[in-house]
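Chemist: Have a look; sequence and predicted model below, questions after that.
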Amino acid sequence: MQSTALNLESVQYLSGWRAEAGSLFLPALSDSRVGDQVAVRVGLYGQPIRATVFGKVAMVRRMGRPSLPPGIELYLDRASLPAARFLAMVARGEPVQFRERAPRYALERELSVSTRGSTVEARTATVSEGGCAFHWPAGDLPQPGDVLAIRLGQGLFAPTARAVVCWNALGGPVERMVGVRIVPEGRGARAWKSVVTEAARSGARAG
């Protein structure tokens, strides 16, 4: 899976967003191929809003002109559509309200996390259906947009969930923390839901 972080002007975002088709044109990743899976952390200039969206590349424009820049057409997965619609509302200047998020459970669990060709043991701080926050060990922190592989269980055939880094923190009350969103597909995503279900049943504190 390719990943990137991208800031757009509001008019850029709105010109690329096709609500009826559930697609988004992004002036980036023009080296992608049709069918590639992509995760993009999208921000709007002048706004504090950021959202990570996932999808499959449906079209690639490698060369363009000012009115038709190079980039990709991304068909968003169903779980990313609410975030894309929310960004569109913000880009149009509409009043928005933050919806209540899914419960996050306080859970400390050591997990093997692979990124950039290396594997570390990172300890979760909180988990939810959509992702988690890790206490990150020594070394470079993953950057927003990086793709991680989280091993869930032991043994040769243990499932691995893919995740995209949404934020990191180097200091303060959340020193050396990394927040990730789980890619909502495949065996690894189903195994992650089991982790969260177990946390809820165990009576872990929800927030």
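Modeler: In hand now; what should we look at? Residues are numbered from 1 along each chain as shown.
Chemist: so Tyr13 makes contact with Val40?
Modeler: No. Taking Cβ atoms under 8 Å as the definition, Tyr13 is not a contact partner of Val40, at 11.4 Å. To be clear about C-beta, it is placed using only N, CA and C from the backbone, and glycine gets the same treatment.
Chemist: Give me the neighbour count for the residue nearest to Gln12 when sequence neighbours are not counted.
Modeler: For Gln12, the nearest residue in space outside its immediate sequence neighbours is Pro27; the separation is 7.0 Å by Cβ to Cβ, 6 or more residues apart in numbering. Around Pro27 there are 17 other residues, counting by other Cβ atoms under 10 Å.
Chemist: What of Gly203?
Modeler: 8.
Chemist: isn't there a strand covering it?
Modeler: No. Assessed with DSSP: H, G, I helix; E, B strand; the rest coil, Gly203 is coil; it does not lie in a strand.
Chemist: my guess is the residue nearest to Gln12 contacts Gly71, does it?
Modeler: Yes. At 4.0 Å, Pro27 counts as touching Gly71 under the criterion of Cβ under 8 Å.
Chemist: Overlap in contacts, the two.
Modeler: Gly16 (Cβ atoms under 8 Å, 6 or more residues apart in numbering).
Chemist: The chain - how does it break down into domains?
Modeler: 2-91, 105-201 (automatic domain parsing).
Chemist: Please convert the ones you listed to CSV, extending it with mean pLDDT.
Modeler: Below are those laid out as CSV (pLDDT from 0 to 100):
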stretch, mean pLDDT
domain 2-91, 86
domain 105-201, 87
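Chemist: Over to the residue nearest to Gln12: give its phi and psi.
Modeler: phi -80, psi 60 (degrees, to the nearest 10).
Chemist: For it, which residues are in contact?
Modeler: Pro27 touches Leu6, Leu8, Gln12, Gly16, Pro69, Pro70, Gly71, counting by Cβ under 8 Å, 6+ apart.
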